[in-house]
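Participant: I'd like to go over a predicted model; first the sequence, then the structure.
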Amino acid sequence: MNYHKNTMTMMKQAIIKHGASLLCLVVGLVFAGGCGGPEAEDGDDRPTVVATTTMIEDLAKVIGGEEINIVGMMRTGEDPHLYEVKPKHATSVKNADLVLMNGLHLEATLDTIIKEQATGKVVALAEQEGIEPLTGGAGLEVAADPHCWMDTRYYGIYAAAVAEALSEVAPQHEALFKERLLVYLDELGELDAWIKKRFDEVPERQRVIVTGHDAFAYFGKAYGIEVHGLIGISTEQEPTPQDIEKLKTLIRDNGIRAVFPESSLGGSLLGLLDKVAADTGAVVGEELHSDSLGEPGSEAGTYLGMMRHNTNTMVEALKGGGE
Ligand SMILES: [Zn+2]
């Protein structure tokens, strides 16, 4: 209850902030003489917006629609922690009117390129006011956890920030972006309530999951699930033999039922997860989507669908299999 109230307050604050930005944006436009970057195609005078991850691309499309030319950098299944920029995307970054990125060092190598190359506005969606990054977990000694989109409340803040940024590059469509934002925030609210209801089906002591890397800490915190990753918050790391032994002990000691592979993880980590499961008797659940959406058009091809897919996958594996 309290949680839901906080959600609404945060989202309203985001909208108020969005509304207040109207004046600056009009003034800014007069001085800037329109948007800086070149257009995507001949005759396409829409502003070009580059989105780094597939989640952010989806969000930019939801809010921006046909009014914006959206260029997605990462393909389905690509791992943002390890992403290496392609020359054509470096050019897109340079020429974009707006770059939407996650921030908090999710886009490890891309981070520097965006900072050095972008000539338009850059918005890091996880670094917005109202988002409190988690720190201090496994592998978090030095960095904040960037996977904030896993909390639907935080994703509402992402959405508000996208609407605000798009309104700056296409002010003539501001009302439309705001309208789409409000509809989407309602959908996020419904999703949030539905996720909670689904996890109510799992007995509390069984609400423990193991994934490949620590991408689900925000999800776990929001929905009361204990989450453990084979490695820390970035897939740049390699698990040590001690990490693996520790995880096996944890699974055995707590009777954890399922481990979940992630679609954006490389083969060696997936193999290790399989081995951990085989050695402990845990079930290997269906694939979760953490840092990348599923194929376009598939159930997990949108953020809303991905969150439903992950929830259903976890709930079915955690409540099933009891003797
Ligand atoms: Zn990640």
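Facilitator: Everything's here; your move.
Participant: unless I'm mixing things up, residue 195 is touching residue 307, no?
Facilitator: Yes - judged on Cβ atoms under 8 Å, residue 195 makes contact with residue 307 at a distance of 6.8 Å. Heads up, the C-betas are built off the backbone N, CA and C, glycines and all.
Participant: which residues are common contacts for those two?
Facilitator: residue 152 (Cβ atoms under 8 Å, 6 or more residues apart in numbering).
Participant: In space, what's closest to the residue in the stretch 101-250 of the chain that the ion sits nearest to - neighbours in sequence excluded?
Facilitator: Nearest residue of the stretch 101-250 of the chain to the ion (Cβ to the ion) works out as residue 215 at 4.3 Å. In space, and not counting its chain neighbours, residue 215 is closest to residue 290: 3.6 Å by Cβ to Cβ, 6 or more residues apart in numbering.
Participant: next one: phi and psi at the one you found?
Facilitator: When read as degrees, to the nearest 10, the backbone of residue 290 gives phi -110, psi -60.
Participant: any idea how far residue 120 is from it?
Facilitator: Applying Cβ to Cβ, to the nearest Å, the value for residue 290 to residue 120 is 29 Å.
Participant: So for the two, which residue has more residues nearby?
Facilitator: residue 290 (28 against 21; other Cβ atoms under 10 Å).
Participant: Quick check: which ranges of the chain have low pLDDT?
Facilitator: Across the chain, the ranges flagged by pLDDT under 70 are 1-42, 136-142, 321-323.
Participant: the helices in it, which residues?
Facilitator: 2-32, 54-64, 87-95, 108-117, 152-169, 174-199, 217-223, 241-254, 267-280, 303-319 (DSSP state H).
Participant: Return the fourth one as CSV; C-alpha atoms alone will do.
Facilitator: When you say that, I think you mean helix 108-117. Only the C-alpha atoms of helix 108-117 are listed here, as CSV (Å, rounded to 0.1, in the frame of the first residue of the first chain):
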residue,chain,number,x,y,z
ALA,A,108,30.8,0.7,-20.1
THR,A,109,32.9,1.4,-23.2
LEU,A,110,30.1,3.4,-24.9
ASP,A,111,30.1,5.8,-22.0
THR,A,112,33.3,7.6,-23.0
ILE,A,113,32.3,7.7,-26.7
ILE,A,114,29.0,9.3,-25.9
LYS,A,115,30.6,11.8,-23.6
GLU,A,116,33.3,12.7,-26.1
GLN,A,117,31.4,12.5,-29.4
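Participant: other SSEs contacting it?
Facilitator: Counting contacts by 3 or more Cβ pairs under 8 Å, 6 or more residues apart in numbering; DSSP states H and E, helix 108-117 is packed against helix 87-95, strand 98-101.
Participant: Just say which of these is most tucked in.
Facilitator: Sort the helices and strands packed on helix 108-117 by mean neighbour count, taking mean count of other Cβ atoms under 10 Å, and strand 98-101 sits at the top with a mean of 27.
Participant: What lies in contact with that one?
Facilitator: 47-53, 56, 59-60, 93, 107, 110-111, 114, 118, 120-125, 162, 165-166, 168-169.
Participant: Generate CSV for the helices of the chain, with distance to the ion as supplementary columns.
Facilitator: CSV is the format used below for the helices of the chain (distance: least, Cβ to the ion, whole Å):
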stretch, distance to the ion
helix 2-32, 23
helix 54-64, 11
helix 87-95, 19
helix 108-117, 10
helix 152-169, 15
helix 174-199, 20
helix 217-223, 10
helix 241-254, 16
helix 267-280, 11
helix 303-319, 14
